[in-house]
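Novice: need a structure here:
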Amino acid sequence: MNWISNNLSEILIMAGLALLVIEVVVLGFSTFVLFFVGLAAVAAGGLMTVGVIPESMLSALSSVGILTALLAVLLWRPLKSMQGNVERKKVTSDLVGHSFILNEAVSMTKNPAYRYSGIDWNLSSEQELSAGTLVEVTGVAVGKFIVQAKVS
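Specialist: Predicted coordinates:
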C-alpha cells in the first residue's frame with residue numbers, strides 16, 4: 001500500500017493510458033465511458049505530478065470523478081456528432097458485370113429465377129427484356145440480380 005501511495009500520480013497516468021488504449025483499440029471508440037475516465041485519470045495524474053492536487057487516495061478518486069463528469073459534459077456532443085458522420089457508400093459486388101443469356105422474359109411484373117453459383121437469384125429490370133437477350137448484372141440486392149441488356 002505504501003508503494004501505491006508513493007507512486008499515485010504515475011499509477012493514475014498509466015491506468016488512464018491503459019483505459020484510453022482499451023477504448024480505442026479494443027472497443028473501437030464505440031463507448032465513451034472508458035475514454036472519459038482514462039482522460040480524467042491522465043489529467044489527475046498530471047495535476048498531481050505538478051503539485052496542483054495533493055497525492056492522496058481521496059483526492060485522486062474525487063478528482064478523477066469530477067474530471068470525468070466535467071469531460072463528459074464538455075465532450076459528449078462533439079464526440080457524438082463525430083461518431084455519427086459515417087460515409088454511406090454503395091457496396092460494390094464482384095457479381096456486377098456478370099453476363100448471361102435470359103431463359104425467360106424479364107419485366108417490372110415478371111421476375112424469373114436465374115441459378116448462378118448454386119443460388120437461385122430473382123431477376124429484375126426496369127425495362128422489358130425478352131428471352132434470349134444477352135444481359136449484364138448492374139446491381140445486386142439480397143437474393144436479387146438487377147439486370148439490363150448488355151451493350152456490345
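Novice: buried ones in the helix ranked longest in the chain?
Specialist: Ordering each helix of the chain by length in residues (DSSP state H) puts helix 57-84 first. Buried residues in helix 57-84, counting neighbours by 16 or more other CB atoms under 10 Å, are found at Ala60, Ser63, Val64, Leu67, Thr68, Leu71, Ala72, Leu79. From N, CA and C alone the C-beta is placed, and that goes for glycine too.
Novice: pLDDT weak spots in this structure?
Specialist: Where the chain drops to pLDDT under 70, the residues are 85-86, 89-91.
Novice: Does the nearest residue to Lys150 once chain neighbours are set aside have any beta-bridge partners, and if so which?
Specialist: Nearest residue to Lys150 in three dimensions, chain neighbours excluded: Glu136, at 4.1 Å (CB to CB, 6 or more residues apart in numbering). Beta bridges link Glu136 to Ser99, Gln148 when assigned by DSSP bridges.
Novice: Let me see the contact set for Glu136.
Specialist: With contacts defined as CB atoms under 8 Å, 6 or more residues apart in numbering, Glu136 is in contact with Gly97, His98, Ser99, Val147, Gln148, Ala149, Lys150.
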